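[1] mind folding the following:
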Amino acid sequence: MEKEPKNPGSPEAEGDAPAPSGAAPACAGASEGTGLLREVKQEVKAQVFHNTGYLRLDWFTLFWLFVAGCVIGLAVETVFHAIVYGGLESRAGLVWGPFSPIYGVGAVVLTLFLNCFYHSHNLVIFLVAMVVGSVLEYVTSWGMEFFWGAVAWNYSGTFGSINGRTNFAFGMMWGLLGLVWVRVALPAVKQAFSHVNAQNAAVRAVTVLMTAFLAADIAVTVLALDREGQRAQGVPATTWEQRFLDEHFPDSFLQARMQNMSVYGKG
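    Residues are numbered from 1 along each chain as shown. As a prediction, this is how the structure comes out:
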């Protein structure tokens, strides 16, 4: 009888000895593991670099998300403090208007990071939000203390505290907030913006005016806090800017406006 031709890729065709028992399953397992890692890598790459996300992001959308975050975040924090600790307390973050910029920045940052994870598992969204929010809280606390010697919160002595700037409990809260933001807020935002024409003249005018107002509000707040830190260190007013800030934004005004913040000055 004529022998069957050997398969081109078989060990016999290559002239190799048959593989030892158990080698094939090991190779198969390694191959499967490599394939899984490759799939995960491709999925992450697709989500982060090629996924346009659930919400279309532009300056108009991000700006009004910032404004909404500032206002809603301040309202929620005020109510939370009243329920947990009792009594109303002004916890605004700017000298004018009902704004707390950390929540506005949080809304924008969470949207930028989580927008492409809208179709991901809830656990993934929770963990990403937990990390992003904790980093934001830490950096904000560090920046306030570095630039103005200001302390608005201190979690020292609590579980999972990192230099008193963030902790495990608030990391969990950031995770939950991110999950609510993706599953509840983003669909509502998308629905709301679908009814707004960003190119409308009136809408554009309001956006420009609000942008100018908030830019001035933030700039004056930075100067006022810097001058408050100088006063805390006994630096006298020698320029017209310092005298203006002392007159219009004295310690009594700032302490009544930002009751959760203490300013000690740089150094």
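
[2] for this structure, which residue is closest to the average position?
    By CA atoms, centre = their mean, the chain has its centre lying nearest to Val109, at 3.6 Å.

[3] okay, and the nearest residue to it once chain neighbours are set aside sits in which element?
    Excluding the flanking residues, the one nearest Val109 by CB to CB, 6 or more residues apart in numbering is Leu136, at 5.7 Å. Every C-beta, even on glycine, is put in place using the N, C-alpha and C of the backbone. Using DSSP states H and E, Leu136 falls within helix 122-148.

[4] for that helix, which positions count as buried?
    125-130, 132-134, 136-138, 140-141, 144-145, 148 (16 or more other CB atoms under 10 Å).

[5] what about the residue nearest to Val109, distance to Val208?
    For Leu136, the distance to Val208 (CB to CB, to the nearest Å) stands at 27 Å.

[6] go on, Tyr54?
    27 Å.

[7] of those two, who's got more company?
    The neighbour comparison of Tyr54 against Val208 (other CB atoms under 10 Å) goes to Tyr54, with 18 against 10.

[8] the nearest residue to the more buried one once chain neighbours are set aside: neighbour count?
    Distance criterion CB to CB, 6+ apart; nearest residue to Tyr54, sequence neighbours excluded, is Tyr118 at 3.6 Å. For Tyr118, the count of nearby residues is 17 (other CB under 10 Å).

[9] again, but for Lys190
    Neighbour tally, Lys190, other CB under 10 Å: 14.

[10] the one 4 residues further on now?
    The criterion is other CB under 10 Å. On that basis, Ser194 has 7 neighbouring residues.

[11] what's the pLDDT at it?
    If you check Ser194, the pLDDT there is 88.

[12] low-confidence stretches in the protein?
    1-33, 35-52, 267 (pLDDT under 70).

[13] quick one: the helices in it?
    11-14, 23-45, 59-85, 101-114, 122-148, 168-180, 186-193, 201-232, 240-248, 251-257 (DSSP state H).

[14] nearest to Val95, out of those helices?
    helix 201-232 (4.9 Å; CB to CB).

[15] would you mark the buried spots in the closest one?
    Those would be 207, 214, 217-218, 220-221, 223-232, for helix 201-232 by 16+ other CB under 10 Å.

[16] and for stretch 112-120?
    In stretch 112-120, counting by 16+ other CB under 10 Å, buried: 113-118.

[17] between those, which is nearest Trp64?
    After measuring the buried residues of stretch 112-120 against Trp64 - CB to CB - the closest member comes out as Asn115, at 15.1 Å.

[18] phi, psi for the residue nearest to Tyr54 please.
    Tyr118 adopts backbone torsions of phi -60, psi -40, taken as degrees, to the nearest 10.
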